[in-house]
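Undergrad: Return atomic coordinates for the entry below.
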Amino acid sequence: MEINGQVGWSYIIQYSDDLDAPVNWINAEEIKLTNAHQVWIDLQSTNKTMRYYRAVTKP
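TA: Residues are numbered from 1 along each chain as shown. Here you go, the predicted structure:
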């Protein structure tokens, strides 16, 4: 997953296995950007054929 944002800001990476309403987003990891453009890889999704992701700023 590619994340573009403010250096030094913290983001929570969330995933869902489907987008059927209501979507259940699950926290995967919290990261702090060290570059304005950063790549994150989900090493826990090896057995999943499809997974959806989003990054939200940490409150």
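Undergrad: Now do the helices for the chain: every range, in order, please.
TA: Taking DSSP state H, the chain contains no helices at all.
Undergrad: now the strands for it?
TA: With strands called from DSSP state E, the chain shows them at 2-4, 10-16, 26-32, 37-39, 52-57.
Undergrad: Could you list the paired strands of the first one along with their orientation?
TA: Which is strand 2-4. The strands that strand 2-4 pairs with in its sheet are strand 37-39 (antiparallel) (by DSSP bridges).
Undergrad: ok, and what's touching the partner strand?
TA: In this structure, residues lying in contact with strand 37-39 by CB atoms under 8 Å, 6 or more residues apart in numbering are M1, E2, I3, N4, G5, I31. Using the backbone N, CA and C atoms, a C-beta is placed for each residue, glycine as well.
Undergrad: Please indicate which of these are buried?
TA: I3, G5, I31 (16 or more other CB atoms under 10 Å).
Undergrad: Save the residues you listed as CSV, and put in pLDDT too.
TA: Formatted as CSV, these follow (pLDDT from 0 to 100):
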residue, pLDDT
I3, 95
G5, 93
I31, 95
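Undergrad: how close does I3 get to V39?
TA: Distance, I3 to V39, using CB to CB, to the nearest Å: 8 Å.
Undergrad: Sorry, slip of the keys, the one I care about is N24.
TA: Separation of N24 from V39 (CB to CB): 25 Å.
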